[in-house]
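Peer 1: give the three-dimensional model of this entry:
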Amino acid sequence: MKKITMLALGLLLAGCASSNGVKSPEDGMIKSFAKCALKSDSTVIMLVPSRGFLADAIASATTSVSNNDGGFYNNLTDKIQEGVDAFVIYGESGMKTESLMSNVFTRLKERNVNGMHFCISAGIEKSEKLSRLADELGIKLSFVTLP
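Peer 2: Numbers count the residues shown, from 1 in each chain. From the prediction side, this is the model:
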């Protein structure tokens, strides 16, 4: 119920933002979520930080990083431990997102985590680097580009 409520709130916020002619990150995330259409009861949308942190520093954070609640990787692994198996990763920078996810996949490999599904929406059509890592891990990986 909580997930449905959050999604409905996100859709409402995206609708309000688009009706004012203002594009927001939430609008992009909702479009990414719809286009990825992950078939899972536990899909989570995660926003890649757009400024303030280097992607590598966030991905490799094992302790709390100032203003980031433990880092992107820690947030993602917390969700995995809760049983989430599908993620929509939304980022504004393709290069930053690719670097971040490369580090995340490498760390997941070190911990023998597999069977996940990631849909990346970050202005990159495909990444050989991420595809190779995903294949090694048994991760289903797809890319969505938004206009």
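Peer 1: my guess is Ser102 contacts Glu128. True?
Peer 2: No - judged on CB atoms under 8 Å, Ser102 makes no contact with Glu128 at a distance of 10.9 Å. Where you see a C-beta, it was placed from the backbone N, CA and C, and this is true even at glycine.
Peer 1: more neighbours: which of the two?
Peer 2: Taking other CB atoms under 10 Å, Ser102 and Glu128 do not tie; Ser102 has more neighbours (18 against 7).
Peer 1: tell me where this structure has helices.
Peer 2: Secondary structure of the chain (DSSP state H): helices at 2-19, 25-36, 55-59, 71-81, 94-110, 128-137.
Peer 1: pull out the buried positions in the fourth one.
Peer 2: Pointing back at helix 71-81 there. Of all the residues in helix 71-81, those buried under the rule 16 or more other CB atoms under 10 Å are 71-74, 76-77, 79-80.
Peer 1: now, the most widely separated pair of those?
Peer 2: Taking CB to CB as the measure, the buried residues of helix 71-81 span a maximum distance of 14.1 Å, between Gly71 and Ile80.
Peer 1: and Gln125, how far from Ile80?
Peer 2: No Gln there; residue 125 is Glu. 26 Å (CB to CB, to the nearest Å).
Peer 1: same deal with Val144?
Peer 2: Applying CB to CB to Val144 and Ile80 gives a distance of 21 Å.
Peer 1: just Leu133 next, same as before
Peer 2: Distance from Leu133 to Ile80, by CB to CB: 16 Å.
Peer 1: quick one: low-confidence residue ranges for this structure.
Peer 2: 1-35, 37-41, 49-70, 146-147 (pLDDT under 70).
Peer 1: again, 90 this time
Peer 2: Along the chain, segments meeting pLDDT under 90 span 1-130, 133-134, 136-147.
Peer 1: right, and Lys129 touches Ser102 too?
Peer 2: Yes - using CB under 8 Å, Lys129 is in contact with Ser102, at 5.6 Å.
Peer 1: thinking again about what came up before, adding distance to Ser121, write the buried residues of helix 71-81 out as a markdown table.
Peer 2: Formatted as a markdown table, these follow (distance: CB to CB, whole Å):
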| residue | distance to Ser121 |
| --- | --- |
| Gly71 | 21 |
| Phe72 | 15 |
| Tyr73 | 19 |
| Asn74 | 22 |
| Leu76 | 16 |
| Thr77 | 21 |
| Lys79 | 17 |
| Ile80 | 20 |
